[in-house]
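Chemist: What follows is a predicted protein model with its sequence.
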Amino acid sequence: SLPNSAGWFRRLLHKPKPSSAESSLDAGRSASSSPSSSSSSSSAKSSGSSPGTSLARSVCPAPVLASDINASGSARWAKSYDVCICHSDVDLELVEELVSYLEGQPESFRCFLQLRDAAPGSAVVTELCAAVQNSHCWVMLITPSFLRDPWCKYQMHQALAEAPMANGRTIPVLRDVDRKDYPKELRNLYYIYMALKEKSFRQIRDTIVR
């Protein structure tokens, strides 16, 4: 009937609207359930992690594999030789054994052996300096003869000047020398003491690989 219809229409017009607080709450619920809000929340949690932890993860170096030395990007390929052996002529036989061992390794290390690789007719100083500059690592075979040989000391100083912080590239190897006679220029470097030849050769090889 018409009166009943008019009453229903009036009730419809006077139905209370939701308060602004309720509208905000509903909007907040809707936003929190949306995928974009979920990802924002995830980002907030991520950015809320401690800076120290994030930095530690980002700078943590990957373990270096021995095979990495053969990779095309390895620092060894920036030089003509992998290893320069600094030694006295008196110790040549031992050095030739070491070179033979290193060159026979799977990495096929390229060794500079002065009497074998120096250019005939070149000045000794020129060849020694070139050998140091063109090598990735330097093995110092420190024996009593090495300590008495001015050319050995000259080459040692050249190697230290080439890489003052060493960074594992200068490898002192002591044989038949007391610790008190270890050159003071090398005292900030750990050395390999050659007691058993085969073990020492292995240590030299492993140091070069690192």
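Modeler: Thanks, I have it.

Chemist: ok, and what's touching the helix or strand encompassing residue 99?
Modeler: Assigned by DSSP states H and E, residue 99 falls within helix 92-103. Outside helix 92-103, the residues that touch it by Cβ atoms under 8 Å, 6 or more residues apart in numbering are 82-83, 85, 87, 109-111, 113, 115, 139, 141, 175, 197, 201, 204-205, 208. Yep, even glycine has a C-beta here, placed from its N, CA and C like the rest.

Chemist: out of those, which are inside strands?
Modeler: 82, 83, 85, 111, 139, 141 (DSSP state E).

Chemist: what about the fourth one, distance to residue 178?
Modeler: Distance check for residue 111 against residue 178: by Cβ to Cβ, to the nearest Å, it reads 28 Å.

Chemist: ok, the two, which is more surrounded?
Modeler: residue 111 (22 against 8; other Cβ atoms under 10 Å).

Chemist: show me where pLDDT drops low in the chain?
Modeler: Along the chain, segments meeting pLDDT under 70 span 1-75, 164-168.

Chemist: ok, 90 please
Modeler: 1-80, 113-136, 151, 154-155, 158-169, 179, 187-190, 209-210 (pLDDT under 90).

Chemist: Can you show me the strands along it?
Modeler: Under DSSP E, the chain gives strands at 81-86, 111-112, 135-142, 170-174, 192-193.

Chemist: The first one pairs with which strands, parallel or anti?
Modeler: So the one you mean is strand 81-86. When pairing is defined by DSSP bridges, strand 81-86 lines up against strand 111-112 (parallel), strand 135-142 (parallel).

Chemist: Name the stretch among the ones you listed that sits most buried.
Modeler: Among the strands paired with strand 81-86, ranked by average contacts under mean count of other Cβ atoms under 10 Å, first place goes to strand 135-142 (a mean of 24).

Chemist: just the angle between that one and helix 92-103, please?
Modeler: Taking axes from the mean of the first three to the mean of the last three Cα atoms, to 10 degrees, one finds strand 135-142 and helix 92-103 inclined to each other by 150 degrees.

Chemist: Identify the residues contacting residue 154.
Modeler: Contacts of residue 154 by Cβ under 8 Å, 6+ apart are 125, 128.

Chemist: Apply 7 Å and report the result again.
Modeler: Residue 154 makes contact with residue 128, according to Cβ atoms under 7 Å, 6 or more residues apart in numbering.

Chemist: repeat for residue 121
Modeler: For residue 121, counting by Cβ under 7 Å, 6+ apart, there are no contacting residues.

Chemist: Got the phi and psi for it?
Modeler: phi 90, psi -10 (degrees, to the nearest 10).
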